[in-house]
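Asks: coords please:
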Amino acid sequence: MAQVTVKELLDAGVHFGHQTQRGNPKMKQYIFTARGGIHIIDLQQSVEMAKKALSFIESVAAKGGKLIFVGTKKQAVEAIQEAAASCGQYHVTKRWLGGMLTNFATIKNSIDRMRKIDKMRENGELQLFSKKERSQIEKEYTRLVDYLDGIKDMKDSPSCMFVVDIVKEHIAVAEAKRLGIPVVGIADTNCDPEKIDYPIPGNDDAIRSIKLFCNLVSESYKEGSKKWDASLKEQMMKKTEEAKAPVETADTNEEKAADAAGGPAVVKVTKRKLVAAGTAEVVEIEQELEAKKPEAEASTEETDSTKEEN
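Replies: Okay, here's the model as predicted:
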């Protein structure tokens, strides 16, 4: 799990909250003091709650779950894009479209439209349209990329959501809550921390603070992904070993059963008759004599008939 210290939070300005008159009463327990009309966040609590949140994100990644970063304020766009690209997860930085999770079927149609236009641009099919039509299609494509590029590979709801500003992204938080998706977020002094599952008290306006938390989330997810990859590799090795293992014959199974029962070892004879060890030779001799007996009787009858004729 990514490590976080009070010094790192202090250097990033995480302790600066909003003005006291804008504070939310539910954040009172996380406020250390107020200076110059600004709330100062208790970084000791921030560290503890950040560790819980990062541990949860790592556990999600260790189970193969997906994560989505959400932050549409200007200060968060670059940090979120870099963090999401670093761990290969989804992100939304332009605007959260209503129903992006709860009505994903409609969003999926828009994603398919974006892919179709992209393919047309690559194949040169747009040249077959008039200049006005090409202009309209390009504008549509630009708009779709701005809104959906970060989730174009998403095929199902993510397992976890990381939000930079709980108040600004209240629609995304509401949709995640409706679908039962756990939410991790930076909770500034003007937020209601009870709206999300893993709030981290901190400054959600400063660029350094946002970047610090985004990087911590990304690192935690990558560590969990390593565990997931290791478990997949172990499963593949087990399947390979099972496929290469020799198939035991029925005779081998019978011998093992005899050993388990504590009885004599079992051996095979010509007629596949199972006998106790040590008596196999005697049985084989008896079988040979029985096989030759009809021939001996036949030869005796021929000799007797010859004598009678003479």
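
Asks: Now do the helices in the stretch 1-150 of the chain.
Replies: 6-11, 43-62, 74-87, 104-123, 131-148 (DSSP state H, counting those that start in this stretch).

Asks: closest to residue 224 out of those helices?
Replies: Nearest of the helices of the stretch 1-150 of the chain to residue 224, taken as Cβ to Cβ: helix 43-62 at 2.7 Å. The C-beta positions use only the backbone N, C-alpha and C, and glycine is treated the same way.

Asks: out of the helices of the stretch 1-150 of the chain, nearest to residue 225?
Replies: helix 43-62 (4.8 Å).

Asks: ok, residues contacting that closest one?
Replies: Residues outside helix 43-62 that contact it (Cβ atoms under 8 Å, 6 or more residues apart in numbering) are 1-2, 4-6, 9-10, 14-15, 29-30, 32, 67, 159-160, 162, 182, 184, 197-202, 213, 216-217, 220-225, 227-228, 231.

Asks: Go ahead and build a ChimeraX selection from the buried members of those.
Replies: Those of the contacts of helix 43-62 that count as buried under 16 or more other Cβ atoms under 10 Å are selected in ChimeraX with:
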select :2,4,9,14,15,30,32,67,159,160,162,182,184,197,198,199,200,201,202,213,216,217,220,221,222,223,224,225
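
Asks: Now intersect the contacts of helix 43-62 with the strands, please.
Replies: The members of those that map onto strands under DSSP state E are 32, 67, 160, 162, 184, 198-201.

Asks: Now for these: which two are most distant?
Replies: Greatest spatial distance among those (Cβ to Cβ): 32 and 67, at 30.3 Å.

Asks: Provide a list of residues in contact with the residue nearest to the spatial centre of the chain.
Replies: Geometric centre of the chain, nearest residue: residue 64, 1.1 Å, by Cα atoms, centre = their mean. Contact analysis of residue 64 by Cβ under 8 Å, 6+ apart lists residue 228.

Asks: Equivalent analysis for residue 206, please.
Replies: Each residue near residue 206 by Cβ under 8 Å, 6+ apart is listed here: 12-14, 16, 75.

Asks: Minimum distance to residue 154: which of the helices of the stretch 1-150 of the chain has it?
Replies: helix 104-123 (8.0 Å).

Asks: For that closest one, list every residue counted as buried.
Replies: 104, 107, 110-111, 114, 117, 120.

Asks: any idea of the mean pLDDT for it?
Replies: Mean pLDDT, computed over helix 104-123, is 92.

Asks: Where does pLDDT dip in the stretch 101-250 of the chain?
Replies: When residues are selected by pLDDT under 70, those of the stretch 101-250 of the chain lie in 245-250.

Asks: One more pass at 80, please.
Replies: Applying pLDDT under 80 to the stretch 101-250 of the chain picks out residues 244-250.

Asks: Can you redo the buried residues of helix 104-123 as a markdown table, where the extra columns are distance to residue 155?
Replies: Converted to a markdown table, the buried residues of helix 104-123 look like this (distance: Cβ to Cβ, whole Å):
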| residue | distance to residue 155 |
| --- | --- |
| 104 | 9 |
| 107 | 11 |
| 110 | 14 |
| 111 | 10 |
| 114 | 15 |
| 117 | 20 |
| 120 | 23 |
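
Asks: Separate out the buried members of the contacts of residue 206.
Replies: Buried among the contacts of residue 206 (16+ other Cβ under 10 Å): 12, 14, 16, 75.

Asks: Relative to residue 170, how far out is the last one?
Replies: With distances defined as Cβ to Cβ, to the nearest Å, the gap from residue 75 to residue 170 amounts to 18 Å.

Asks: what's the answer for the third one, then?
Replies: Using Cβ to Cβ, one obtains 22 Å as the distance from residue 16 to residue 170.

Asks: Check residue 162 too.
Replies: 15 Å.

Asks: Residue 87 too?
Replies: Distance of residue 87 to residue 170, computed by Cβ to Cβ: 25 Å.

Asks: Which one of the two is surrounded by more residues?
Replies: residue 87 (19 against 15; other Cβ atoms under 10 Å).

Asks: residue contacts, residue 207?
Replies: 75, 79 are the contacts of residue 207 under Cβ under 8 Å, 6+ apart.
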